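Trainee: Any chance you can model this:
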Amino acid sequence: MKTLKQIFEEKKAEQQGSVICGFPGIGKSTLFKELKDSGKKVLDSDSSTFDKSEFPQNYIKHIKESIAKGITILASSHDVVRDALIKEDMPFTLIYPDKTLKKEYLDRYEKRGSPESFVKLLDSNWDKWIGQ
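Mentor: This is a model prediction of the structure:
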């Protein structure tokens, strides 16, 4: 199985800017922190910081502008984001954990300090969201 970093390196070799959609806890922020001072064009684009009244259009606009500058975006894997990317004919790579890793990921969310409500949301929707 390839790591997120290996996929990032492959995407950089293929094209200028690209989109990697990652499930929560897959390592987007960790990879960004590792690469941000390396001179590589990468951006951890947390969808939770975008105005929800205009979402996902404002998020897709941000992604488009960034990849036009040659930046690889580490983006949300929400179904509405994926659907909008497909509608805009924007290719992306989707990374998600194996369904059997639920306990490991819930522990990961707790250890990183995610709010209890977030952990409960992922716990109750795990199978559904992984299945999407």
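Trainee: In a helix, Gly113, correct?
Mentor: No. In this structure, Gly113 is coil, not part of a helix, as judged by DSSP: H, G, I helix; E, B strand; the rest coil.
Trainee: pLDDT averaged over stretch 91-101, what's the number?
Mentor: The average pLDDT within stretch 91-101 is 95.
Trainee: gap between the two ends of it?
Mentor: Taking Cα to Cα, to the nearest Å, the first and last residues of stretch 91-101 lie 27 Å apart.
Trainee: This structure: helices as residue ranges?
Mentor: 4-14, 28-35, 57-68, 79-87, 102-111, 116-131 (DSSP state H).
Trainee: what is the orientation angle of the third one with helix 79-87?
Mentor: An angle of 50 degrees separates the directions of helix 57-68 and helix 79-87 when computed by axes from the mean of the first three to the mean of the last three Cα atoms, to 10 degrees.
Trainee: List the contacts of helix 57-68.
Mentor: 16-19, 43, 45, 47, 50-51, 73, 75-76, 81, 84-85, 88, 90 (Cβ atoms under 8 Å, 6 or more residues apart in numbering). Any C-beta I mention is one placed from the backbone N, CA and C, and that applies to glycine too.
Trainee: Centre of the chain to that helix, how far?
Mentor: 14 Å (Cα atoms, centre = their mean, to the nearest Å).
Trainee: Buried residues, that helix. List them.
Mentor: The neighbour-count check on helix 57-68 (16 or more other Cβ atoms under 10 Å) flags 59-60, 62-63, 66-67 as buried.
Trainee: Noted, bye for now.
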